[in-house]
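# Task: produce atomic coordinates for the following.
(one chain, ligands or ions: 1)
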Amino acid sequence: MCVLVGTCGYSSDRDEGTSVLPFDGISLGCDYNPEQWPRSVWPEDVALMQEAGVGFVTLGVFSWGLLEPRPGEFDFGWFDEVVGLLHEGGIAIDMATATAAPPPWLTHRHPEVLPVDREGRTLWPGSRQSFIPSSPVFREYALRLVEQMAQRYGSHPAVRMWHVSNELGCHIGKDWSDVSAAAFRVWLADRYGDVDALNEAWGTAFWSQHYTSFDEVLPPRITPAVPNPTQELDFARFSSDAWLDHYRAERDVLRRHSPGVPVTTNFMVADHQYEQDYFGWGPEMDVVSQDHYLDHRHAHPHAEQSFAADLTRGTAGGRPWLLMESATSAVNWQPVNITKLPGELLVDSLRQVARGADGIGFFQWRASKAGGEKFHSALVPHAGRDSARFREVVGLGAALAAIGEVAGEPVRADVALLHDWESHWACDLDSHPSGELRALDAAHRWHRALTELGATADVVHPESDLSAYRLVVVPTLYLCSDRVAPALEAFAAAGGTVLVTYFSGIVDGHDHVRLGGYPGAFRDLLGVRAEEFTPLPVGATVTLDDGGTADLWTEVLGVTDAEVVARYADGPLPGTPAVTRRAVSAGSAWYVATRLDHAATTALADRLTRDAGVARLDEPQEGVEVVRRGHFLFVLNRGERPVTVPATGTELLGGGAVTGSVTVAPASAAVVRGGR
Ligand code: GLA
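As a prediction, the model looks like this:
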């Protein structure tokens, strides 16, 4: 039988939460693109939205071409009609600023707003998002439209939130044009003050790259050999900032004309779109929202979904957030687009609510009949209202309505998993010891192991306050500031458990190696010192003397102030340390110098979470996720058999009183008020 052990994360004596979202309860929503349909369909749309329990729609994301059909000529008549219908129907509007896709008249007049890729190829119109965020020309046209939108709809009672552009940086996270080159130089001058400081930071003594003026600096375009890594890293930082800057410019117009109405833009936290540093973006949002689609290119798509949700909560500073877009079934942009089986829509949606979402939105209301996304699922499929998919959507609407009281409740976790986009960008650059090592890989593996144990992790920035946690996992934090190791030392000294994995603490913020032995910043914390890395050939594995298996990475590791927990039994370094532990006052600091397989990762996570008193399932079961959100226990069963989990209280999805345990059918979920 399962029991929840530990107390820290599962206490029920905390304040009632208040939702930060401007919608009611746990709201169901979607993108609504009425311009793709004749007017006669719109009233039916609203009626069907009411039937499905849709509480909000995102309106106008791709409407620029029809709202401003000719430069400076605005046509809001049709849009007013849609806004009016939605308002009469009681549907709240998340109003987009409509700047995500410039119309052909703009790019025809001003081809200089078009982005350019690393190889120097222009990205032409005919799709969407063909603009450079730093382009002053684009900015002027975009802000003129935002001003019009804000003036016209800024105090409309149906408009509850503003949605700047759409997925800023999607498709074109970086732009290598001359326009961005100029903006990059301004950004660099601001960062470094003078060009000597840039030369020092970029290590330009290497390969004769010394600059005499900022005017000589370019974005890292295609080069004969490996480009300067700090130039690459700074260009990644600049690019994220350029998109954020565009967000701020639109937001400031909205705030002027529509005071008090919250502003958001939808983050892309999934790992195939990893170009924005959302820890810096979060504080600029009134509401944090993200888009997330199950990515079946992953071996474990649901685990990645959970990770992204926990990371989104991290960017929101732990507050509730909005899942702006997801899919009711298949997408259209993966090699094979997998359909959701009955029940999956509910479980996937509740996974997001369990991890802090106060609203569940979808792309899009009605499946398009034309255009590049016509085979993307929607709330109303091509088959229409009389379809299993629409009935399932209606069921989801009812389920979200039934758990409305969850809104605003905090997710509290005993584990912090440290994450840093800058570190990941730098880690994944070329010419490293192993091209097979990917920074996010370790984060995903440790997060998945913790999730399977029923232990919830906050995914937070390395310089966050760690005092509320029992266990801190530091997966492949290649780059970090000098502040991280002392904070971890203090956390351990206060009784916490720290676990650091391979290729962490290697470089400083300029991507310069920390000398004296690896893992640089964490040598003293961990009581270890490695002189060389010994990455393993693809497919090779090593065995540890505790029976575990690992691959990818080993190090010539010595201990200076730590006990050896496990050694290699074979491979290139037999008999040398693979896993170590240093006692730090009341706490401990562990080092894992190799990539453990899932069984060995889970075994170590099991030991650490128990030792640290982390709230978790005592006996995990396959396919089951258990998350405590405030006074509510979410039990999600993705497995093939019914599961029984200890709980007492009231099940909100129709189960009624729960005494002692709750049983959850396969492809189903339970939400128990009271929980244990
Ligand atoms: C994102 C975009 C939408 C749509 C979907 C497709 O969420 O914001 O416009 O393209 O992807 O999955």
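# only C-alpha atoms for contact and neighbour calcs from this point on.
Noted.
# Tell me the residues of this protein that contact the ligand?
Applying C-alpha under 6 Å from any ligand atom, one finds that the chain approaches the ligand through 166-167, 291, 325, 331, 363.
# Please identify which pair of those residues lies farthest apart.
Within the residues of the chain next to the ligand, N166 and V331 form the most distant pair, 17.6 Å apart (C-alpha to C-alpha).
# Looking at the residues of the chain next to the ligand, which are in strands?
Assigned to strands by DSSP state E, the following of those qualify: 291, 325.
# Tell me, please, the helix or strand in the chain that averages the lowest pLDDT.
The helix or strand of the chain with the poorest confidence is strand 4-5; it has a mean of 32 (mean pLDDT, DSSP states H and E).
# What is the subsequent helix or strand relative to that one?
Next along the chain after strand 4-5, taking DSSP states H and E as the criterion, comes strand 27-32.
# What pairs with that next one, parallel or antiparallel?
Pairing partners of strand 27-32, with direction, according to DSSP bridges: strand 54-59 (parallel), strand 357-362 (parallel).
# Please tell me how far the last one is from the chain's geometric centre.
In this case it means strand 357-362. 14 Å (C-alpha atoms, centre = their mean, to the nearest Å).
# by contact count, what packs against the next helix or strand after it?
Per DSSP H and E, the first helix or strand lying C-terminal to strand 357-362 is helix 388-402. The contact analysis (3 or more C-alpha pairs under 8 Å, 6 or more residues apart in numbering; DSSP states H and E) places helix 388-402 against strand 27-32, helix 41-52, helix 344-354.
# Could you say which of these is packed most deeply?
Among these, strand 27-32 has the highest mean neighbour count (mean count of other C-alpha atoms under 10 Å), at a mean of 27.
# and the closest residue in space to A599 that isn't next to it in sequence, how many neighbours?
Nearest residue to A599 in three dimensions, chain neighbours excluded: G548, at 7.6 Å (C-alpha to C-alpha, 6 or more residues apart in numbering). Using other C-alpha atoms under 10 Å, G548 is surrounded by 20 other residues.
# So which elements touch whichever helix in the chain runs longest?
As assigned by DSSP state H, the longest helix anywhere in the chain is helix 229-257. With contacts taken as 3+ C-alpha pairs under 8 Å, 6+ apart, helix 229-257 sits against helix 136-153, helix 178-192, helix 195-202, helix 421-427.
# Would you mark the buried spots in the third one?
By 16 or more other C-alpha atoms under 10 Å, the buried positions in helix 195-202 come out as 195-196, 198-199, 201-202.
# Among those, which one lies nearest to the ligand?
Of all the buried residues of helix 195-202, the ligand sits closest to W202, with 35.5 Å by C-alpha to the nearest ligand atom.
# Apart from its neighbours in sequence, what residue is nearest the closest residue to the ligand within the stretch 401-550 of the chain?
Of all residues in the stretch 401-550 of the chain, W421 sits closest to the ligand, at 20.8 Å by C-alpha to the nearest ligand atom. Leaving aside its chain neighbours, W421 sits nearest to D277 (5.6 Å; criterion: C-alpha to C-alpha, 6+ apart).
# residues contacting that neighbour?
Counting by C-alpha atoms under 8 Å, 6 or more residues apart in numbering, D277 makes contact with 237, 240, 420-422.
# Now pLDDT too, for the buried residues of helix 195-202, in a markdown table please.
A markdown table is the format used below for those (pLDDT from 0 to 100):
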| residue | pLDDT |
| --- | --- |
| V195 | 98 |
| D196 | 98 |
| L198 | 98 |
| N199 | 98 |
| A201 | 98 |
| W202 | 98 |
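# quick one: secondary structure of V564?
Here V564 is recorded as strand under DSSP: H, G, I helix; E, B strand; the rest coil.
# Pull the contacting residues for it.
By C-alpha under 8 Å, 6+ apart, V564 lies in contact with 577-581.
# Using CSV, lay out these together with pLDDT and neighbour count.
Output for the contacts of V564, formatted as CSV (pLDDT from 0 to 100; neighbours: other C-alpha atoms under 10 Å):
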residue, pLDDT, neighbour count
P577, 98, 27
A578, 98, 28
V579, 98, 22
T580, 98, 24
R581, 98, 23
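# Please flag which of the residues you listed sit within helices.
Among the contacts of V564, no member lies in helices (by DSSP H).
# Make JSON lines from the residues you listed and add distance to H631 to it.
Converted to JSON lines, these look like this (distance: C-alpha to C-alpha, whole Å):
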{"residue": "P577", "distance to H631": "44"}
{"residue": "A578", "distance to H631": "41"}
{"residue": "V579", "distance to H631": "38"}
{"residue": "T580", "distance to H631": "38"}
{"residue": "R581", "distance to H631": "36"}
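# Against R121, how distant is the spatially closest residue to V626 that is not a sequence neighbour?
Spatial nearest neighbour of V626, excluding adjacent residues (C-alpha to C-alpha, 6+ apart): V635 at 4.7 Å. The gap separating V635 from R121 is 49 Å, by C-alpha to C-alpha, to the nearest Å.
# The two - which one has more neighbours?
Ranked by neighbour count (other C-alpha under 10 Å), V635 and R121 place V635 first, with 29 against 11.
# helices or strands up against the helix or strand encompassing that one?
According to DSSP H and E, V635 maps onto strand 632-637. For strand 632-637, the elements it packs on are helix 344-354, strand 624-629, strand 661-664, strand 668-673, judged by 3+ C-alpha pairs under 8 Å, 6+ apart.
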